[in-house]
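Student: Quick one: sequence plus predicted model below, questions after.
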Amino acid sequence: MAFLWFIIGAILGSFYLVVGTRVPKKEDFITSRSKCDYCQKELRWFELIPVISYVIQLGKCRNCGKRISPSYLFMEVITGLLFLIGFLYYGMSISYYIYLVSISLALIIFVSDFKYMVILDSTLVIASIILLVLRYFEVGIQGTLYSCLYGLILFIIMFLIRLLGNFLFKKDSLGGGDIKLAIYMGILLGYYNYGLRLGIIAIMFSAFLALPYALVSLYLNKKNELPYGPFLISAAIIVFVFIDKFKNLLILFSL
Ligand SMILES: [Zn+2]
């Protein structure tokens with residue numbers, strides 16, 4: 001069963017890579033995975049088996065011999081492993097499905113935000129709707145409405161942080177996508193006890209996660225804009241997965 005979830009993750013992983021790289025450029029993404037990036041030759045079914053095809057073909061196209069981007073292999077393995085680890089941690093449960101949706105959203109954000117500094121509205125909307133449906137099955141309509149409310153509150157908090165940042169740094173501090181992502185984070189964390197505080201902790205935690213990357217990219221002086229979405233969603237998922245530990249921290253410091 002765990003192995004099956006690895007396979008599902010590996011198949012979805014290359015799909016997420018395609019969504020994250022093609023949709024921001026408005027390219028067709030339904031069929032593009034099934035073609036070679038260079039010679040456009042249609043791939044046969046046995047060339048589309050995650051991980052295995054790549055290894056058997058030694059990372060090269062069977063037709064033109066050009067190197068297949070190793071990012072496919074990387075995404076397949078990472079997504080498969082994250083699905084597998086989640087299954088071992090949660091077992092079959094609504095929490096596991098909520099974890100899967102969040103991981104999927106995170107992976108697409110990693111690709112599109114690092115590559116183009118973009119968080120796709122469409123993926124945010126789809127992920128939020130699936131999350132709300134899962135929440136409904138978990139806690140019913142009242143809990144779902146509360147989740148929506150917390151999504152809205154966290155959105156407003158992020159918006160205020162942005163205003164403050166713009167005032168302090170005299171330029172756009174947070175992208176629109178980062179602020180919209182706060183809605184998803186609010187829905188994800190808000191329902192639980194201490195939900196709003198957990199959401200705020202996730203935002204603070206994301207700054208902590210982003211700091212090493214920000215320092216390195218500042219040091220290398222490549223650009224002073226950094227994609228913030230990956231750090232936000234990673235922090236939210238870490239808080240969600242270890243929610244009891246974070247709650248205990250809140251109690252410990254009587255926050
Ligand atoms: Zn080719």
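Tutor: Happy to help now that I have it. Numbering: from 1, shown residues only.
Student: Where does Phe74 sit, in terms of helix or strand?
Tutor: Assigned by DSSP states H and E, Phe74 belongs to helix 70-90.
Student: Show me which positions of the following helix or strand past that helix end up buried.
Tutor: Using DSSP H and E, the helix or strand that follows helix 70-90 towards the C-terminus is helix 94-116. Within helix 94-116, the residues that qualify as buried are 95-113, counting by 16 or more other CB atoms under 10 Å. (Each C-beta comes from the backbone N, C-alpha and C, glycine too.)
Student: if we can go back for a sec, any chance you could give me the helix holding Phe74 in PDB, C-alpha atoms only?
Tutor: In PDB, the C-alpha atoms belonging to helix 70-90 read as follows (Å, rounded to 0.1, in the frame of the first residue of the first chain):
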ATOM      1  CA  PRO A  70      16.900  15.400 -14.600                       C
ATOM      2  CA  SER A  71      14.300  17.600 -12.900                       C
ATOM      3  CA  TYR A  72      11.600  15.000 -14.100                       C
ATOM      4  CA  LEU A  73      13.400  12.300 -12.200                       C
ATOM      5  CA  PHE A  74      14.000  14.600  -9.200                       C
ATOM      6  CA  MET A  75      10.300  15.600  -9.000                       C
ATOM      7  CA  GLU A  76       9.100  12.000  -9.400                       C
ATOM      8  CA  VAL A  77      11.300  10.700  -6.600                       C
ATOM      9  CA  ILE A  78      10.600  13.600  -4.200                       C
ATOM     10  CA  THR A  79       6.900  13.500  -4.700                       C
ATOM     11  CA  GLY A  80       6.800   9.800  -4.400                       C
ATOM     12  CA  LEU A  81       8.800   9.900  -1.200                       C
ATOM     13  CA  LEU A  82       6.700  12.700   0.400                       C
ATOM     14  CA  PHE A  83       3.500  10.700  -0.400                       C
ATOM     15  CA  LEU A  84       5.100   7.500   1.000                       C
ATOM     16  CA  ILE A  85       6.300   9.200   4.200                       C
ATOM     17  CA  GLY A  86       2.900  10.800   4.700                       C
ATOM     18  CA  PHE A  87       1.200   7.500   4.400                       C
ATOM     19  CA  LEU A  88       3.500   5.900   7.000                       C
ATOM     20  CA  TYR A  89       2.800   8.800   9.300                       C
ATOM     21  CA  TYR A  90      -1.000   9.200   8.900                       C
END
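Student: between the lengthiest helix in the chain and helix 94-116, how many degrees?
Tutor: Using DSSP state H, we find that the single longest helix of the chain is helix 121-169. Counting by axes from the mean of the first three to the mean of the last three CA atoms, to 10 degrees, helix 121-169 lies at 60 degrees to helix 94-116.
Student: pLDDT score for the closest residue in space to Asn166 that isn't next to it in sequence?
Tutor: Counting by CB to CB, 6 or more residues apart in numbering, Asn166 lies nearest to Ser173, which is 5.4 Å off, once chain neighbours are set aside. In this model, Ser173 is scored at 74, pLDDT.
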